[in-house]
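*Asks:* Here's my sequence, what's the structure:
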Amino acid sequence: MPYGCTVNFETILIIACAYLVAAFVKGATGLGFSTSALPILALGLGLKSAMPLVIIPSLVSNAIVMMQAGHFGETVRRFWPMFLATIPGLLIGLAVLDLIDSLVAGAILGLVLIGYGAFTLFRPGQPLSESLGRKLAPVSGFLTGVVNGMTGSQVMPVLPFLLALQLDPKRFIQAINISFTLSSLVMAVGLAKLGLMTAETIWISLLGLIPVYVGTKIGGIVRQRMDADTFRKVVLLMLIAFGVVLVSKTALA
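*Replies:* Numbering: from 1, shown residues only. Predicted coordinates for the structure are as follows:
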């Protein structure tokens, strides 16, 4: 069972709700599964319990998107320094996670969610040249790994970095999903070493693929019937609100 949690109806309900909501959001807006699931799970179970529960659903959803996007070999050749630099960053982030309290880790996740939500809403900054992008790619990968290892969030700063390169949509989707997938694989090993990912966690995640499938399908239907941009903004504001709650939870503890 997840770190520090016991199996009961409330825990199962929290996990199923988080999976369903996150899958719905991914299907409707394209936002990352773990980005939407983590704050709900962290508020209900604590971040250290939440992190292993998003690995398998994230890997499955990422694999589907990567097969659809194409340009895999080209993307790996272009961004391999960034992908490679993610690994030591993850190891450092996981080492920090093992040392800090779950509430503190939750507060850090809250700050990342606030930053991610604000950036994606307003998208500040200037485009990067290809030469500067090559120089900053390993830095982006390393820092993304550190943040991911500490919080489970895979989007910062790789998301703004890739957006600044102004890639075409398919290449952008492929690059960020390769980053997500590599991070998830390393995280799975690291969390297992820390004793956070267990056989029970894996079984829960596999069973959770049912609400993930249902949520993604419903989200896809909604995406076809409503203004996706408006819905995306609502979800980002929701993530910022979750971030504020996570930070406040630590401050009031």
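*Asks:* ok, the residue lying farthest from the centre of the chain to Val146 distance?
*Replies:* Most distant residue from the mean C-alpha position of the chain: Ser131, 27.8 Å away (C-alpha atoms, centre = their mean). Here the distance between Ser131 and Val146 works out to 25 Å (C-beta to C-beta, to the nearest Å). (C-beta placed from N, C-alpha, C; glycine too.)
*Asks:* pLDDT averaged over whatever helix or strand the residue farthest from the centre of the chain lives in - what is it?
*Replies:* Element membership for Ser131 (DSSP states H and E) is helix 130-151. For helix 130-151, the mean pLDDT works out to 91.
*Asks:* Next: stretch 182-200.
*Replies:* Mean predicted confidence for stretch 182-200 is 89.
*Asks:* can you give me the helices in the stretch 51-200 of the chain?
*Replies:* Along the stretch 51-200 of the chain, counting by DSSP state H, counting those that start in this stretch, helices occupy 55-69, 72-99, 102-122, 130-151, 158-164, 169-193, 199-207.
*Asks:* hey, C-alpha coordinates of the shortest one in PDB?
*Replies:* Listed next in PDB are the C-alpha coordinates belonging to helix 158-164 (Å, rounded to 0.1, in the frame of the first residue of the first chain):
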ATOM      1  CA  VAL A 158      11.100  21.600 -19.400                       C
ATOM      2  CA  LEU A 159       7.700  22.900 -20.500                       C
ATOM      3  CA  PRO A 160       8.600  26.600 -20.800                       C
ATOM      4  CA  PHE A 161      12.000  25.600 -22.400                       C
ATOM      5  CA  LEU A 162      10.400  23.600 -25.200                       C
ATOM      6  CA  LEU A 163       7.700  26.200 -25.700                       C
ATOM      7  CA  ALA A 164      10.400  28.800 -26.200                       C
END
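*Asks:* and it, how far from the chain's centre?
*Replies:* 14 Å (C-alpha atoms, centre = their mean, to the nearest Å).
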